[in-house]
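Asker: Kindly generate the corresponding structure for this input.
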Amino acid sequence: MALGRAGEEAALALLQEKGMRLLARNWRPKGAARGLELDLVGEAGGYVLFVEVKTRRLRAAAQGREEPPFGPQDNFTQRKRANFVRAAHYFLSDFDLWRKPCRFDLVCVTFFPQGPPKLEHYVHVIESGTFVGGGDAAWQPW
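Answerer: Next comes the predicted model:
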């Protein structure tokens, strides 16, 4: 739990440096969809940003070895992406933001035994039409 929270803190700091204004953190819809969650929701450049944060810690034994890349597909399965988009639908409905363009981003945070964490920000990781079959543009999640 503490690791995930630290990753979200690091991701939030990065995104705020890039100009994002935080709208919600660890947001969950009410009712039947309460099992869904959005790590970070913000606004920047006219977009509503839905951000998934994936965090890992490298062990001291891994130092000096080539680590496999920690990219947008690691632990971000098709099902998790679909739930991410579903949660975004509820957020847009609850706050009447359907007319705003949306973007789905991923921030991967790697903590090392020593030194600062490595942050990788992936923009537009989801084209929502892939999941919900509709919309006139990629940013329209309906």
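Asker: For the residue nearest the centre of the chain, give the beta-bridge partners.
Answerer: Centroid check for the chain by C-alpha atoms, centre = their mean gives Glu52 as the closest residue, at 1.5 Å. Beta-bridge partners recorded for Glu52 (DSSP bridges): Leu106.
Asker: right, and it touches Asp39 too?
Answerer: Yes - Glu52 lies in contact with Asp39 (C-beta atoms under 8 Å); the separation is 5.6 Å. C-beta coordinates here come from the backbone N, C-alpha and C atoms, glycine included.
Asker: quick one, phi/psi of the closest residue to His124 other than its chain neighbours?
Answerer: Take His124 and drop its neighbours on the chain: the residue closest to it by C-beta to C-beta, 6 or more residues apart in numbering is Arg103, 6.0 Å away. Backbone geometry at Arg103, expressed as degrees, to the nearest 10, gives phi -140, psi 140.
Asker: Could you do Thr77 as well?
Answerer: Residue torsions, per degrees, to the nearest 10, at Thr77 are phi -70, psi 170.
Asker: Name all residues that make contact with it.
Answerer: For Thr77, no contacting residues are found, by C-beta atoms under 8 Å, 6 or more residues apart in numbering.
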